[in-house]
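A.B. asks: Sequence isn't available, so here's the structure alone:
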C-alpha cells in the first residue's frame, strides 16, 4: 500500500469500544506505540475490526502538533508520543520535524517560526500530539 500520509503505523487492534455513532479503536504497533482512533461504527464494521485483527493507522504530518515540556496529562488529545527530535528539515515557510520514539518515527509539518520558538533541533526532547479523530484506520 502506498499513501501520501507521512505517518503509517502497522499493528494489531488491542481495544475496541463500540458506540452508537463512533467507535474507539486502539492499535498497538510493532514498536509498542498505542495509537487511538475514533472512526464511525459503520467503518469499524465494514473493516471487520476486532481485537487481535491486523490493521494500520495513517496520520497526515500536518495533523501532528509538536510540543516541548509537556506530558499527556496536560492535553486533551488521545495520542501523545514523547520522544526525541531526530531531524528538522526547513523549507521556505514550514519545516518537517521528525520525532523518534523507540523504533517509531513521527513526522510533523510545522512553521519555521514554531521550530525556532520551541528550540527544536536534533536530540531535543519533544512530544508529537494528534487527535484520535485525525487517525485513519485501514486493513489489508
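C.D. replies: Thanks, I have the structure now. Being a predicted model, the structure only gives us computed values, none of them experimental.
A.B. asks: How is the protein partitioned into domains?
C.D. replies: 7-59+132-138, 61-130 (automatic domain parsing).
A.B. asks: between those domains, which one is nearest to residue 1?
C.D. replies: Smallest distance to residue 1 across the domains of the chain (C-beta to C-beta): 7.6 Å, for domain 7-59+132-138. All C-beta atoms are positioned from the backbone trio N, CA, C, and that covers glycine.
A.B. asks: what does the average pLDDT come to for that closest one?
C.D. replies: The average pLDDT within domain 7-59+132-138 is 97.
A.B. asks: picking that back up, put together a markdown table for the domains of the chain, with mean neighbour count and distance to residue 1 on each row.
C.D. replies: Converted to a markdown table, the domains of the chain look like this (neighbours: other C-beta atoms under 10 Å; distance: least, C-beta to C-beta, whole Å):
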| stretch | mean neighbour count | distance to residue 1 |
| --- | --- | --- |
| domain 7-59+132-138 | 16 | 8 |
| domain 61-130 | 16 | 17 |
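A.B. asks: Please name the residues that touch the closest residue to residue 80 other than its chain neighbours.
C.D. replies: Of all residues not flanking residue 80 in the chain, residue 72 sits nearest, at 3.7 Å (C-beta to C-beta, 6 or more residues apart in numbering). Each residue near residue 72 by C-beta atoms under 8 Å, 6 or more residues apart in numbering is listed here: 80, 82, 127.
A.B. asks: Would you mind confirming that residue 29 is in contact with residue 106?
C.D. replies: No. With contact defined as C-beta atoms under 8 Å, residue 29 does not count as touching residue 106 (10.9 Å).
A.B. asks: out of everything not next to it in sequence, what's closest to residue 98?
C.D. replies: Nearest to residue 98 is residue 87, by C-beta to C-beta, 6+ apart, at 4.2 Å.
A.B. asks: Tell me which helix or strand that neighbour sits in.
C.D. replies: For residue 87, the element it lies in under DSSP states H and E is strand 79-90.
A.B. asks: helix or strand right after that strand?
C.D. replies: Counting by DSSP H and E, what follows strand 79-90 is strand 94-101.
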